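Undergrad: everything below, folded, please.
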Amino acid sequence: MIRLPSVLLATFSLLSWGQTPKPAGSPSPVPARLKVMVDPGHGGLDGGAKGPKGLKEKAAALDIGKAVAEKLKAAGFEPVFTREDDTFIPLWDRAKAANAQGADLFISLHMNAAKAKAARGSEVYFLSLGKGDDEDVVAAENAGAGAPPGSDDSVVASILDDLAQKAFLQDSERLAVAIQGQLNRLAGIKERGVKQAPFVVLRGAAMPAVLVEVAFISNPKEEEKLKDAAFQAKVADAITLGVRRYFAEANGGVRRRMVAGPVADQR
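TA: This next block holds a predicted model:
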């Protein structure tokens, strides 16, 4: 007998969502609050990039993550975290946590860095199954990820993993465009555009997923902004408005996970 991994049932549930006809006259269920997984990048021994005056990416990401969660909650969403303190969470486990929580969106927060001190602005990425648009950023954010966890079903799971990701690529692009559009309005932040990249943290996410490079921590001026609570709040407002715009444009057609947690393996 072939042992089907839990991701199989989750994938079938995702792809079949909205295809089952409802009996005529059946009442519509009361929708639960949409759940957004907020993922502050790095943490613990993984400090990420470091600014000229010593600000660590992991600290800036956590501060902005908490601000984003506060704004999302005020807007009626249910925010959940991959980490709420200075803890290291393996990259492969972050999307897995979002799947287990039944999240509707996954937003990973990071700070950019470049050799050119004048580099500035924000970028929003969604997953690429190929090489991507910026190899330096990919190398920095995927550092230390290692090989994906193996299992007896690794070949089947890998195929299904790719199917799940492809199912949400268009939704992820729409989410990235919506968030980037709001960040473009943020005073002092230059548009750098929506990009694609094979970020490990986005792989396996069974929902629309993006990675936001909020600003260049390597730029002294932007490093100072990242320390400022008022700027953090503006970033959080922009991301939240982007999320709201994404759901408004989806017209209620967002595919939600059919399971609230891991599905038991079947034989």
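Undergrad: confidence score at residue 154?
TA: Listed pLDDT for residue 154 reads 57.
Undergrad: for residue 110, same thing?
TA: If you check residue 110, the pLDDT there is 97.
Undergrad: cool, residue 79 as well?
TA: Reading off the model, residue 79 has pLDDT 98.
Undergrad: mind checking the SS state of it?
TA: strand (DSSP: H, G, I helix; E, B strand; the rest coil).
Undergrad: the closest residue to it other than its chain neighbours is in what secondary structure piece?
TA: Nearest non-adjacent residue to residue 79, counting by C-beta to C-beta, 6 or more residues apart in numbering: residue 69, 3.8 Å away. The way it works is simple: take the backbone N, C-alpha and C, and place the C-beta from them, glycine included. Counting by DSSP states H and E, the element that carries residue 69 is helix 57-74.
Undergrad: buried residues, that helix. List them.
TA: Within helix 57-74, the residues that count as buried by 16 or more other C-beta atoms under 10 Å are 57-69, 71-72.
Undergrad: same check on stretch 33-42?
TA: Within stretch 33-42, the residues that count as buried by 16+ other C-beta under 10 Å are 34-42.
Undergrad: in the stretch 1-150 of the chain, which spans are helices?
TA: Along the stretch 1-150 of the chain, counting by DSSP state H, counting those that start in this stretch, helices occupy 6-16, 57-74, 91-101, 135-142.
Undergrad: so what touches the longest one?
TA: Which is helix 57-74. 36, 38-44, 46-50, 78-79, 81, 83-86, 107, 109-111, 113, 214, 217, 226-227, 229, 232-233, 235-237, 239-240, 243 (C-beta atoms under 8 Å, 6 or more residues apart in numbering).
Undergrad: buried members of the residues you listed into PyMOL, please.
TA: This is how PyMOL selects the buried members of the contacts of helix 57-74, with burial counted by 16+ other C-beta under 10 Å:
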select buried, resi 36+38+39+40+41+42+43+46+48+49+50+78+79+81+83+107+109+110+111+113+214+217+226+232+235+236+237+239+240+243
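Undergrad: filter the contacts of helix 57-74 down to the ones in strands?
TA: Secondary structure from DSSP state E places 36, 38-40, 78-79, 81, 107, 109-111, 214 of the contacts of helix 57-74 in strands.
Undergrad: and the residues you listed, which is closest to residue 125?
TA: Of all the ones in strands among the contacts of helix 57-74, residue 110 has the smallest distance to residue 125: 9.1 Å, by C-beta to C-beta.
Undergrad: where's the residue lying closest to that closest one once chain neighbours are set aside relative to residue 109, distance?
TA: Nearest non-adjacent residue to residue 110, counting by C-beta to C-beta, 6+ apart: residue 41, 4.1 Å away. Residue 41 sits 6 Å away from residue 109 when distances are taken as C-beta to C-beta, to the nearest Å.
Undergrad: so what sits against both of the two?
TA: Common neighbours of residue 41 and residue 109 (criterion: C-beta under 8 Å, 6+ apart): 61, 211.
Undergrad: if we can go back for a sec, tilt between the helix holding residue 69 and strand 35-40?
TA: Calculated by axes from the mean of the first three to the mean of the last three C-alpha atoms, to 10 degrees, helix 57-74 forms an angle of 160 degrees with strand 35-40.
Undergrad: where does pLDDT dip in the stretch 51-200 of the chain?
TA: Applying pLDDT under 70 to the stretch 51-200 of the chain flags residues 131-165, 187-191.
Undergrad: ok, the nearest residue to residue 231 once chain neighbours are set aside - how many residues close by?
TA: Taking C-beta to C-beta, 6+ apart, and ignoring the residues beside it in sequence, residue 231 has residue 225 as its nearest neighbour in space, at 4.4 Å. The number of residues packed near residue 225 is 22, by other C-beta atoms under 10 Å.
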